[in-house]
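1. Provided below for reference: sequence and predicted model.
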Amino acid sequence: LILASWWANFLVVLLLVLAYFFASLSPLSQICPALANLRPAAADQLFAIGRTWYLVSGYGLFRRMTGVGQASAVLANSGGVAIPTVARPELELQGSDDGKQWTALEFRFKPGNVTDAPVWTGFPGFPGSFSGMHQPRLDWQMWFAALGSYQHNPWLVSLVIKLLGSSQDAKNLMAPERWPPEWRGEGKAPKQIRIIAFEYDFSRLNSTDAASGKWWSRKRVGEYLPPLYKDHPAIVEFQ
């Protein structure tokens, strides 16, 4: 009797797990078209039922934050077939002393320099790992800011103002050791700062970017925040 009860419980749990798995195939196939022909016909019905009870959901925010499934392209290693590409939105802060030559103000964790490997912030001892568990809050918030505009992210304008004012506390949230020497130390800062929006994707195997040592390929989207300087009228008004 006990054995029969155990098997009955096991089968119930197994059926629930399978139903949950097949229900998740419906939204997953939207970002991975290859699954569209593999999922059973009942997957969409299971998804509709599960969504009513908030057991499953779509990948709306995930798709916006990563660009997965939003575009496709024929890549060097895709065999002449268009495959889904990634368009992860990222912001790059750039500094300048003359308004002509601009240099990236690097962060510690978020994608920036296309030759830098992604930083793993999990367990110490792993290659490329930050020492210890860590949530890089500023880098994480930059990702969300990239989904909107600076008008909806006044904290980002405040960050730029702090950097223009050579705030060492603000610099330490980023990676000033990778900035030009004239902007690193106490009381030093670029005269102007702007923000440029990009779309990032991992370099694909056998691509020109990968062959040249680039972890990322990126495309400039446009100017996110126009150049600001310390006594800019907009900053005076903002403060």
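-> Cool, the structure landed.
2. so where's the protein uncertain?
-> 1-4, 30-34, 59-85, 120-134 (pLDDT under 70).
3. Counting neighbours, which bits of the helix ranked longest in it end up buried?
-> As assigned by DSSP state H, the longest helix anywhere in the chain is helix 2-31. Buried residues in helix 2-31, counted by 16 or more other CB atoms under 10 Å: 19, 22-29, 31. Placement of C-beta: from N, CA and C, glycine included.
4. hang on, isn't residue 113 packed against residue 105?
-> No - counting by CB atoms under 8 Å, residue 113 does not reach residue 105; the two are 11.3 Å apart.
5. which of the two has more neighbours?
-> residue 105 (24 against 14; other CB atoms under 10 Å).
6. Quick check: the more buried one vs residue 178, distance?
-> The spacing between residue 105 and residue 178, counted by CB to CB, to the nearest Å, is 9 Å.
7. and if you look at residue 99?
-> Residue 99 is 22 Å from residue 178, by CB to CB.
8. Look at these two and report which has more neighbours.
-> residue 178 (15 against 11).
9. So that one is in contact with residue 106, correct?
-> Yes - at 4.3 Å, residue 178 counts as touching residue 106 under the criterion of CB under 8 Å.
10. Count the neighbours of residue 154 for me.
-> Neighbours around residue 154, by other CB under 10 Å: 10.
11. do the same with residue 187
-> 7.
12. Next, it: phi, psi?
-> phi 80, psi 10 (degrees, to the nearest 10).
13. same deal with residue 96?
-> phi -150, psi 150.
14. Name all residues that make contact with it.
-> Counting by CB atoms under 8 Å, 6 or more residues apart in numbering, residue 96 makes contact with 102-103, 190-194, 227.
15. cutoff 7 Å now
-> When contacts are counted by CB atoms under 7 Å, 6 or more residues apart in numbering, residue 96 touches 102, 190-192.
16. Mind jotting down where the helices sit in this structure?
-> Using DSSP H, helices in the chain cover 2-31, 42-52, 60-66, 137-145, 154-164, 168-172, 208-211, 233-238.
17. which one of the ones you listed lies closest to residue 186?
-> Using CB to CB as the measure, helix 168-172 is the one of those that comes nearest residue 186, at 5.7 Å.
18. What separation do you get for the nearest residue to residue 239 once chain neighbours are set aside and residue 214?
-> Nearest non-adjacent residue to residue 239, counting by CB to CB, 6 or more residues apart in numbering: residue 161, 7.2 Å away. As for residue 161, its distance to residue 214 is 33 Å (criterion: CB to CB).
19. can you count the residues close to the residue lying closest to residue 116 once chain neighbours are set aside?
-> Excluding the flanking residues, the one nearest residue 116 by CB to CB, 6+ apart is residue 215, at 6.5 Å. Counted by other CB under 10 Å, the residues lying close to residue 215 total 16.
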